[in-house]
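Q: When you get a sec, could you give me coordinates for this:
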Amino acid sequence: MSGHHHTEPTGDTHSERYLETRRVTLIGTAIDLILGVIKIIFGFTANSQALIADGFHSLSDLVTDFMVIYAAKHASKGADEEHPYGHGRIETLATVALGGALILVAIGISWDAIERLLHPESLMVPGMLALIVAAISVLAKEWIYHYTMAVAKRLRSKMLQANAWHSRSDAISSIVVVIGVGGTMAGFTYLDAVAAVIVGLMIAKIGWDLAWSSAHELIDTGLDTEQVEGIREAIMNVDGVSTLHMLRTRLMGGEALVDVHILVDPYISVSEGHQIGETMRRMLIDDFEEISDVMVHIDPEDDEGGAPCLGLPLREKVLQQLRDEWGHIPASTQIEAEVLHYIDGAVSVELLLPLSVLEGDVGHSEQLAAQFSLVAEGVEGIREIKLRFC
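A: Have a look, this model is predicted:
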């Protein structure tokens, strides 16, 4: 028995997510463009290699900004026939690409700076203007980082978080530029180039962390242990759930998908088991913000180590074998319903009979029970036959 629910967000929700992502990214794009041009121009004017490198870093953000907008537009599409779980993994792929872009930018910055360190005659001596521009860049990029990160957390978007860190890497690099330019102005001419190398290393570290984290998502790495334990505890608190196993989680574009097997009383009805599963599924989606989809499998017994009832015949074959055996019992012609329970590698059968078969003699029920028990002993795979009278 199982219940499945596809990703919850509606088309309107996806559209709002895309529009908000586009808005915050376009604001960042405008700032990146302005800062990049200013830093490159004043980097040459003020003779600061680190500021020039920082300017190209800002311009590189334009590429990733447009990548974010493109990915957000396509990732916001809902589920369809070819993509039943939606398009959230597009965000994940874009985050990996963003991390890779950061690493490439870092390599370029560091390579150029090391080349200049190896050739001291090419080192630049920056002026006060470079210091002022770098300081302005720190303030501007730190603001866009906080703005973007706030939206990213609200939308649970790793892609926006990656882009926010892309912005903060620019702010961090500008801080290092301030240190490098200040040191060079104080007479340590190599500090500007050293600062550029440090900027490159920091950017590479951020890029690697983002790409590595998203690569794990692509191979269905689960939620962290603390989150999984929270989910487990919530499931166990649902009325009717005896225990659970095979609790699995994975991420898709910032949203969590959950698969779980829950054990319920094997003698309850199918509809009650389904109700327990649906109640649990709805609770997880409502109480855990990151969960958008839950697959619930209802078990009558613990089958984690195997399926003990696998290979047993299904209903029609079981009943046909039993009818062949109990045909000589007159009461068998008045059976109103048969209920089969597949438990512990055998079938338990409940038969519903009218009170009239007892012919007013309650003791007759014991005789009937004995007759049907003999039938059970003669059919392989049948554990018992119980009689119910109404």
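Q: need the strands for the stretch 251-390 of the chain, in chain order.
A: Under the criterion DSSP state E, counting those that start in this stretch, the stretch 251-390 of the chain contains strands at 255-263, 291-299, 337-343, 346-353, 382-389.
Q: Including mean neighbour count, could these go into CSV?
A: (C-beta placed from N, C-alpha, C; glycine too.) CSV is the format used below for the strands of the stretch 251-390 of the chain (neighbours: other C-beta atoms under 10 Å):
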stretch, mean neighbour count
strand 255-263, 21
strand 291-299, 22
strand 337-343, 15
strand 346-353, 19
strand 382-389, 16
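Q: could these be laid out in JSON lines, adding mean pLDDT and distance to residue 44?
A: Output for the strands of the stretch 251-390 of the chain, formatted as JSON lines (pLDDT from 0 to 100; distance: least, C-beta to C-beta, whole Å):
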{"stretch": "strand 255-263", "mean pLDDT": "86", "distance to residue 44": "46"}
{"stretch": "strand 291-299", "mean pLDDT": "86", "distance to residue 44": "50"}
{"stretch": "strand 337-343", "mean pLDDT": "92", "distance to residue 44": "79"}
{"stretch": "strand 346-353", "mean pLDDT": "93", "distance to residue 44": "85"}
{"stretch": "strand 382-389", "mean pLDDT": "92", "distance to residue 44": "88"}
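Q: got those as a markdown table, with distance to residue 34 columns?
A: What follows is these, written out as a markdown table (distance: least, C-beta to C-beta, whole Å):
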| stretch | distance to residue 34 |
| --- | --- |
| strand 255-263 | 34 |
| strand 291-299 | 37 |
| strand 337-343 | 70 |
| strand 346-353 | 75 |
| strand 382-389 | 78 |
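Q: Indicate which one of those strands is closest to residue 39.
A: For residue 39, the closest of the strands of the stretch 251-390 of the chain is strand 255-263, at 37.2 Å, according to C-beta to C-beta.
Q: Would you map the helices across the stretch 251-390 of the chain?
A: With helices called from DSSP state H, counting those that start in this stretch, the stretch 251-390 of the chain shows them at 270-287, 315-326, 364-378.
Q: quick one: which of the ones you listed is nearest residue 256?
A: helix 270-287 (9.4 Å).
Q: what is the rounded mean pLDDT of the closest one?
A: Mean pLDDT, helix 270-287: 91.
Q: Please apply the same query to stretch 153-171.
A: 75.
Q: Report the backbone C-alpha coordinates of that stretch in PDB.
A: Taking Å, rounded to 0.1, in the frame of the first residue of the first chain, the C-alpha atoms of stretch 153-171 are listed here in PDB:
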ATOM      1  CA  LYS A 153      16.900  31.800   2.200                       C
ATOM      2  CA  ARG A 154      13.300  32.700   1.800                       C
ATOM      3  CA  LEU A 155      13.100  30.800  -1.500                       C
ATOM      4  CA  ARG A 156      15.400  28.000  -0.300                       C
ATOM      5  CA  SER A 157      17.500  28.500  -3.400                       C
ATOM      6  CA  LYS A 158      21.000  27.200  -3.400                       C
ATOM      7  CA  MET A 159      21.500  28.800  -6.700                       C
ATOM      8  CA  LEU A 160      20.800  32.300  -5.300                       C
ATOM      9  CA  GLN A 161      22.900  31.500  -2.300                       C
ATOM     10  CA  ALA A 162      25.800  30.700  -4.700                       C
ATOM     11  CA  ASN A 163      25.200  34.000  -6.500                       C
ATOM     12  CA  ALA A 164      25.100  35.800  -3.200                       C
ATOM     13  CA  TRP A 165      28.500  34.300  -2.300                       C
ATOM     14  CA  HIS A 166      29.700  35.400  -5.700                       C
ATOM     15  CA  SER A 167      28.900  38.900  -4.700                       C
ATOM     16  CA  ARG A 168      30.500  38.500  -1.300                       C
ATOM     17  CA  SER A 169      33.600  37.100  -2.900                       C
ATOM     18  CA  ASP A 170      33.800  40.500  -4.700                       C
ATOM     19  CA  ALA A 171      33.400  42.300  -1.400                       C
END
